[in-house]
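1. Structure, please.
(one chain, ligands or ions: 2)
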Amino acid sequence: MKGTITYKILKDHLISGNLKPGEEITVRIDQTLTQDSTGTMVYLQLEAMNVDRVKTELSVAYIDHNTLQTGYENADDHAFIESVAKRHGILFSKPGNGICHQLHLENFGIPGKTLLGSDSHTPTGGGLGMIAIGAGGLDVAVAMAQGSYTLQVPKVVGVKLTGKLQPWLSAKDVILHILRMLTVKGGVGKVLEYFGEGVATLSVTDRATITNMGAELGATTSIFPSDENTRAYLASQGREKDYVPLSADSDAEYDQILEVNLSELVPLAAKPHSPDNVASVEEIGPISIHQVAIGSCTNSSYTDLMKVAEILKGRKVHPDVSLVISPGSSKILSKLAENGALAHMIKAGARVIECACGPCIGMGQAPRSGGISLRTFNRNFKGRSGTADAQVYLVSPETAAISAIEGVLTDGRKTGIHLPEIEETIFDKNDNYIVNPEGFNKENTPVVMGPNIKPFPLNKPMEDMVEASVVLVGQDNITTDDIMPSNAKLLPYRSNIPHLSNYCFYTIDEGFPARCKVAEKGAIIAGANYGQGSSREHAALVPLYLGIRFVIAKSYARIHRSNLINSGIIPLVFANPEDYDDFSLDHRLRIENARQAVEDDNIIVKNLDTGKEYKTYGNFTPEERSILLAGGKINMIKEAEAK
Ligand code: MIC
Ligand code: SF4
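-> Ligands and ions are numbered 1, 2, ... in the order given. From the prediction side, this is the model:
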């Protein structure tokens, strides 16, 4: 990995460890971000750590997910986060300002810096040349408290871009193409680093679309060089002083090289229900659609929305289609208002909604029963839209807008419509949505805690004999949306684990919570890529609350595996993947000498019902082993403090 941008930034930030793929390193974290749906847990944990000011250069708490206030719960969470932010020197971004990743790119991201965020799409910052990593909330709380993060060094995949995107093609098609090549588990343990002459043809926000959706590959992060386009973007935000050029050396060592010729791409769509289920718009054909949703942290930039406005200008949204647009930030929305683009959208018949995550996380705008929805978002997992039988397709803003007019999935190139180049703009500075923590501290600001905020569950140190009954046998690619679903009804309870526990796995197995209560101690058996998707640590904390002791899977998604370890739930891997077929519900399992077995990384699981024994392993790093033995990260930190 020598000579890559990834290597250079990690080396610059290295606190300890050896910069070789697979090794455990600790790096300095310059910036953190949180959002509200994971943030309440983060800030409960930060308060539990008894810190004074954060140790990072900059930490920001955004409110963008739980903005639908149908009761007091979300507003209480916002007030709680704001109070903790003020106590510890964290900037607070009020609801309405926009989506965390878009806002961070505009206002705070700096090439060459490290960013850790409690949201899986934090790699959006890679569009600016940052090492930006998504993590579980507790890891972000620790990064704020200690200014560091421990991770396994990823491999660096070089993605060489050549050529130039043709009209009606966009950055979304680039990342959908890569998802088709690599699948949703193709990026695990890797950083995708982009290079080649095609890079200069992409703006920072195009790059950010690509690095954002690198999360769907399971990658640790994705990163672009910082060049003249980066300087221009920072200048457009009044931040040219933050520009730092960054590129890989000509003899950079990549673990693997992929090549994408931008000139050859065609409009693509990810079909239901996975971001890697990609086909061309032409192959899918002109299916009738009911809803089009444009926005999310993937595709809500100024240029994306200006392209949409150009397509909508003087045209009419098809009578059978509901078109919803959620701009990425208040700055973008006010620009669209000033230059008339907003009027084109409204006159065409669009529903323009708040600058927030909104429909992307099922916070409103659920499609009709069996509805077909085209979305410019990054995830189309079953049920995520809020409608269990909806069919969600992921497409570019261009494809979304023209399809909204036509009423059917449409390849814009076939319409003969000329799409003009969109000029970048200069944004006005606007801090009016930001609460600055200056003048506030622990002494003069109490924590504001509403009745919906409940303590988080804590595990106990690992026992020597771990016993549990199988409470779920899951397939490949189980998502954290499956484990702990999110929608407008559940998101207000992200600070209330007991309430959420009634809904764990309920979209795929309604009986799960009740079965856990009977079993008291449970084990989950799963296929490959267990826990893909969101960084929500609720997908570990809720199972912990329900008594889950360990998981045995064929493989794991990175963030969820860390969240399990941080909660003290042991993530085991089958030494022989075909052993998976032997397990059924209610089988009683036992791990003897568990503490030693975890130390030796040779964990034998005995099935007490069949008498058979199974070899499993964890590939735990030294830090992960200590966390598991202590019964979770908080316990480990407390143990260290007590010494
Ligand atoms: C998502 O896109 O799934 C979310 C909601 O942004 C999550 C965070 C969460 O579950 O709160 C993510 O991507 O990490
Ligand atoms: Fe918000 Fe959707 Fe982005 Fe998650 S993926 S941060 S819900 S816009």
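
2. Would you agree V573 is in contact with F620?
-> No. The criterion here is CB atoms under 8 Å, and V573 misses it with F620 at 10.5 Å. For glycine as for every other residue, the C-beta is placed from the backbone atoms N, C-alpha and C.

3. Would you pull up the residue in the stretch 301-450 of the chain closest to ligand 1?
-> Using CB to the nearest ligand atom, the single residue of the stretch 301-450 of the chain nearest to ligand 1 is I361, 4.6 Å away.

4. and that residue, what does it touch?
-> Each residue near I361 by CB atoms under 8 Å, 6 or more residues apart in numbering is listed here: S37, H65, R384, S486, N487, L491.

5. just curious, which of these is nearest to ligand 2?
-> Closest to ligand 2, out of all of the contacts of I361 and judged by CB to the nearest ligand atom, is H65, at 5.8 Å.

6. How many neighbouring residues does the residue nearest to that closest one when sequence neighbours are not counted have?
-> Closest residue to H65 apart from its sequence neighbours, by CB to CB, 6 or more residues apart in numbering: S37 at 3.9 Å. Neighbour count for S37, taken as other CB atoms under 10 Å: 29.

7. I'd like to know which elements the helix or strand S37 falls within is packed against.
-> For S37, the element it lies in under DSSP states H and E is helix 36-48. Applying 3 or more CB pairs under 8 Å, 6 or more residues apart in numbering; DSSP states H and E, one finds that helix 36-48 contacts strand 58-62, helix 72-88, helix 137-146, helix 538-545.

8. and if we set it to 7 Å?
-> For helix 36-48, the packing partners by 3 or more CB pairs under 7 Å, 6 or more residues apart in numbering; DSSP states H and E come out as helix 72-88, helix 137-146.

9. most packed of the ones you listed?
-> helix 137-146 (a mean of 27; mean count of other CB atoms under 10 Å).

10. got a list of contacts for that helix?
-> 29, 32, 34, 38, 41-42, 45-46, 49, 51, 54-56, 59, 116-118, 149, 537, 562, 566, 633 (CB atoms under 7 Å, 6 or more residues apart in numbering).

11. next one: stretch 576-595
-> By CB under 7 Å, 6+ apart, stretch 576-595 touches 462-470, 473, 523, 525, 527, 554, 574, 597, 603, 605-609, 612, 614-615, 629.

12. With V321 as the reference, measure out to S373.
-> In this view, S373 and V321 are 10 Å apart by CB to CB, to the nearest Å.

13. Could you check which of those two has the larger neighbour count?
-> Each of S373 and V321 has its neighbours counted (other CB under 10 Å); S373 has more, 27 against 21.

14. Could I get the contacting residues of that one?
-> H290, Q291, A293, P367, S385, A390, V392.

15. Please, which helix or strand holds the closest residue to G531 other than its chain neighbours?
-> Nearest non-adjacent residue to G531, counting by CB to CB, 6+ apart: H560, 2.6 Å away. Using DSSP H and E, H560 sits within helix 558-567.

16. List every C-alpha atom in that helix, with coordinates, as CSV.
-> Extracted C-alpha coordinates of helix 558-567, given in CSV (Å, rounded to 0.1, in the frame of the first residue of the first chain):
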residue,chain,number,x,y,z
ARG,A,558,-17.1,-4.7,9.2
ILE,A,559,-19.1,-2.1,11.3
HIS,A,560,-21.6,-4.6,12.7
ARG,A,561,-18.8,-7.0,13.7
SER,A,562,-17.2,-4.2,15.7
ASN,A,563,-20.6,-3.3,17.2
LEU,A,564,-21.1,-6.9,18.4
ILE,A,565,-17.6,-7.0,19.9
ASN,A,566,-18.1,-3.6,21.6
SER,A,567,-21.3,-5.0,23.2
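
17. before we move on, the earlier item: near ligand 1 too, which of the contacts of I361?
-> S37, H65, S486 (CB under 6 Å from any ligand atom).

18. and V278, how far is that from D304?
-> Counting by CB to CB, the gap from V278 to D304 is 19 Å.
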